[in-house]
Each structure stands twice: as C-alpha cells, then as structure tokens.
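Visitor: Take a look and give me a structure for this.
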Amino acid sequence: MGKMARTIVVSGYYGFNNSGDEAVLHAIVTALRDEAQAAGAEARIVVLSGDPAETARLHGVETAHRMRPLAVLGALRRADALISGGGSLLQDVTSAKSVLYYLAVLKLARWMRVPTFIYAQGVGPIRDRGRFGPMIRSAFEASRYVSVRDDESKELVASFGVAPERIDVVPDPVMGMGLSLPSTAAVTTGAGVRLGVSVRFWRDDRQELERLAAGLALVLEEREDAKVALLPFHLPSDKLASEFVADRLVAAGFGPDRVEVHAGASHPKDMLSEVAGCDALIGMRLHSLIYAATAGVPPIAVSYDPKIDQFMRRLGESPVGDTDSLDADALAAAVLGRLELGKTAWYGEKRAAIEEMQQNSRAPAQQIFRELRI
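Guide: Below is the predicted model:
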C-alpha cells in the first residue's frame with residue numbers, strides 16, 4: 001500500500017527572485033516533507049508563484065501562476081490545505097494590493113471548503129486598520145491554525161479581535177535552514193576575515209548607503225586583513241545597491257582584493273553557504289540577518305523596518321542604527337568589536353537561543369499535519 005498523500009497549496013511572495021523569500025519557501029517545503037515522512041505520509045506541494053517554471057526548478061514542487069485565477073482555482077480544487085505564509089504578506093506600506101491579494105486567496109480557499117493555515121507570518125505595519133483589521137480578523141478566525149513570527153505581529157492581530165490564545169509566535173521558517181549545515185559556526189574563511197554585507201535601496205538620497213560605505217571604509221583601514229563581500233539578496237535591485245556601496249569603497253582607495261560584489265545566488269542554500277563563510281555580516285535585509293544567525297555568524301543590523309528590530313531582540317541584541325540615524329563611526333566600532341570577539345565566541349553566547357529558534361521553526365509544519373490527522 002502506498003503512502004497517504006496530502007496536497008498542500010502554498011501562497012506567498014514566491015517566484016520574484018528574492019533570496020529571502022525563496023529561503024522561506026525552501027524552509028517550509030523542507031519542514032512539510034520532513035513532517036510528512038515522519039507521519040508515514042507524502043506531502044504533494046503546489047506553490048502559487050510569479051514564475052512557476054523557476055519555482056518548480058528551484059524547489060522541486062508543482063506550481064500554479066499566482067495571478068491567473070483559473071490556475072489558482074485548479075490548484076485549490078485538488079487541495080487538502082492552503083498555507084498562507086511565511087514572510088511579510090499582510091502589510092499596506094508598500095501597497096494595499098498586497099493585503100487584498102493574500103486575503104482574497106484565503107477567502108477563495110474557504111469558499112471551496114479548503115482548510116487554511118497561517119504560517120509564520122509577519123503581520124504589519126497596517127496603516128488602514130479600519131479597512132483591513134476586520135478582514136484580517138475574519139481570515140485568521142476562519143483558519144485552522146495561526147502562527148506569526150514575532151510578538152508585535154501577535155499584538156497587532158489580537159488588536160483586530162483574534163483571541164490571543166489562538167495565535168502562536170514562532171521563529172521565521174528560515175531559522176530551520178541552519179539545521180542542514182554540517183556544523184553550525186564551524187565554517188572557516190581561511191586567511192584574513194570576510195565581512196558580509198547585504199544592502200538595499202531605501203532612502204531617495206541614498207544617505208544610508210553613503211554612511212554605510214563610510215563605516216566600511218573605516219573597518220578596512222583598521223583591519224588590513226579584512227575583505228568586504230557584498231551579497232545581493234533581491235536581484236537585480238540589491239546588486240545595484242551593492243555596486244553603489246562598492247563604488248564608494250573603490251573611490252576611497254580599496255581595490256578588488258578588498259571588495260567584491262557577489263553575483264547573487266538562485267538557490268537559498270547557495271547564499272546560506274556564502275553567509276556561513278563570513279566572520280560577521282552587516283544586514284539591511286531581514287533574511288540576511290537570519291541566515292547569519294542560523295549559520296553562527298554575528299549579524300549587525302541596519303534597520304529600515306520594525307521586523308529587523310524584532311528579530312534582533314530575539315537574539316538579545318539591537319540594530320546598530322537605522323536608515324535615518326546610521327552613524328559611520330558607530331557602525332565601524334560595532335563591526336570591529338564583533339571581529340575582535342570572533343564568531344565562535346559569539347555563537348557560544350547565542351547558541352541556546354539560536355538552537356531553540358531552529359527547532360521551534362518547525363512547529364507550524366508539525367501542527368498542520370496534526371490538524372490534517374495524518
């Protein structure tokens with residue numbers, strides 16, 4: 001007799017060449033498959049994607065185009081469950097359309113009597129609470145299981161009227177990727193030190209990147225054995241932001257032997273390996289910081305969004321600055337301090353918290369299979 005199969009549709013920001021979001025999907029798919037195997041079942045995963053062919057290639061899943069209604073309907077018609085998550089799906093800062101799209105997929109699933117699950121979402125910021133609060137409450141109350149990735153998201157969802165006891169706070173799924181590393185914090189970089197840097201455009205005047213570049217120049221002046229590796233997480237925009245910073249460092253007199261811009265990585269595990277080879281990482285992208293922590297590499301955060309502060313608090317740390325207040329001297333001091341301490345010592349201090357987050361990141365997948373009674 002063959003294994004019992006369950007078809008699970010996953011709705012999120014997938015298929016848009018964003019390493020962080022692809023890492024979320026990779027982590028969710030891996031967790032679901034592991035839990036299915038443990039239950040003696042099979043997880044047939046269908047991802048709603050902006051680039052179905054690429055998502056299928058990267059993750060070995062079935063796909064449907066997220067913006068083609070008939071394709072979405074077809075996927076849900078065969079589904080035993082719909083997962084909405086992870087990532088920051090329900091926020092109206094970049095666009096109200098984001099909230100409306102993901103809530104519409106959840107509502108469509110409910111109309112089709114498909115059980116829905118909220119998987120490690122970061123909810124907010126929500127500016128139009130009068131409009132979206134009731135809609136989010138309705139979607140979450142109708143879901144079999146609700147999990148969010150930080151206390152602030154739980155408080156926001158509870159403020160919309162969802163019972164707090166129904167909301168689990170779990171780590172970002174990407175924390176679970178560190179479980180696949182051969183030996184966390186054991187990756188060495190050879191001679192010298194390698195400083196990873198993940199940047200993005202935020203301010204129109206680019207002052208945050210100017211100050212970040214000035215801080216990096218101070219580090220390179222102080223540590224002649226240091227090299228900067230700029231790691232773009234969202235192509236092509238982050239590669240342009242990385243080149244912006246690299247150009248400032250070249251103008252300051254540092255050549256390609258001290259500064260490199262990585263081409264980017266299509267598969268999340270490849271980028272995780274790049275991060276694991278660093279001695280510290282300066283990150284603006286949330287998932288660059290999560291990659292660093294789960295690989296035992298000290299993360300130094302530059303915040304542009306509350307989700308950055310929330311993650312750093314889980315590590316017992318705080319950002320070195322934000323996009324409005326970043327100071328080059330403070331950044332350099334923080335980096336030099338981390339390099340002096342060394343990543344092995346840093347990981348020793350944070351190991352218990354990191355390992356707890358790694359294990360707890362699998363909780364939503366475990367709960368989903370319990371709810372599906374496998």
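Visitor: Domains of the chain: list them as residue ranges, please.
Guide: Using automatic domain parsing, the domains assigned to the chain come out as 4-179+358-371, 180-357.
Visitor: Can you get me a residue count around Asp247?
Guide: 13 (other C-beta atoms under 10 Å). For glycine as for every other residue, the C-beta is placed from the backbone atoms N, C-alpha and C.
Visitor: Oh, that last question was meant for Gly50, not what I typed.
Guide: Count around Gly50 with other C-beta under 10 Å applied: 16.
Visitor: and what of Leu108?
Guide: Leu108, neighbours per other C-beta under 10 Å, totals 17.
Visitor: Tell me which residues touch it, please.
Guide: Val72, Leu73, Leu76 (C-beta atoms under 8 Å, 6 or more residues apart in numbering).
Visitor: out of those residues, who's nearest His26?
Guide: Nearest to His26 among the contacts of Leu108 is Val72, at 21.8 Å by C-beta to C-beta.
Visitor: Contacts only, for that closest one.
Guide: With C-beta under 8 Å, 6+ apart, Val72 has these contacts: Leu48, Ala64, His65, Arg66, Val105, Leu108.
Visitor: mind listing which of those residues are in strands?
Guide: Leu48, Ala64, His65 (DSSP state E).
Visitor: I'd like those residues laid out as JSON lines, including pLDDT.
Guide: Below are the ones in strands among the contacts of Val72 laid out as JSON lines (pLDDT from 0 to 100):
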{"residue": "Leu48", "pLDDT": "99"}
{"residue": "Ala64", "pLDDT": "99"}
{"residue": "His65", "pLDDT": "99"}
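Visitor: Name only those of those residues that count as buried.
Guide: Those of the ones in strands among the contacts of Val72 that meet the buried threshold are Leu48, Ala64, His65, by 16 or more other C-beta atoms under 10 Å.
Visitor: can you redo the residues you listed as a markdown table with distance to Leu289?
Guide: A markdown table is the format used below for these (distance: C-beta to C-beta, whole Å):
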| residue | distance to Leu289 |
| --- | --- |
| Leu48 | 27 |
| Ala64 | 31 |
| His65 | 31 |
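Visitor: does the residue sitting nearest the centre point of the chain count as helix, strand or coil?
Guide: The C-alpha lying nearest the average C-alpha coordinate of the chain belongs to His287 (C-alpha atoms, centre = their mean; 3.8 Å). Under DSSP: H, G, I helix; E, B strand; the rest coil, His287 falls in the helix class.
Visitor: same check, this time on Leu76
Guide: Leu76 - assigned by three-state DSSP - is helix.
Visitor: Can you get me a residue count around it?
Guide: Neighbours of Leu76 (other C-beta under 10 Å): 22.
Visitor: Please list all residues in contact with the residue lying closest to Gly40 once chain neighbours are set aside.
Guide: The shortest distance from Gly40 to any non-neighbouring residue, by C-beta to C-beta, 6 or more residues apart in numbering, is to Lys3 (6.3 Å). By C-beta under 8 Å, 6+ apart, the residues touching Lys3 are Gly40, Ala41, Glu42.
Visitor: Quickly note the distance from Lys3 to Ile83.
Guide: 20 Å (C-beta to C-beta, to the nearest Å).
Visitor: what's the offset of the longest helix anywhere in the chain from the middle of its chain?
Guide: Using DSSP state H, we find that the single longest helix of the chain is helix 19-38. Here helix 19-38 is found 12 Å from its chain centre; the criterion is C-alpha atoms, centre = their mean, to the nearest Å.
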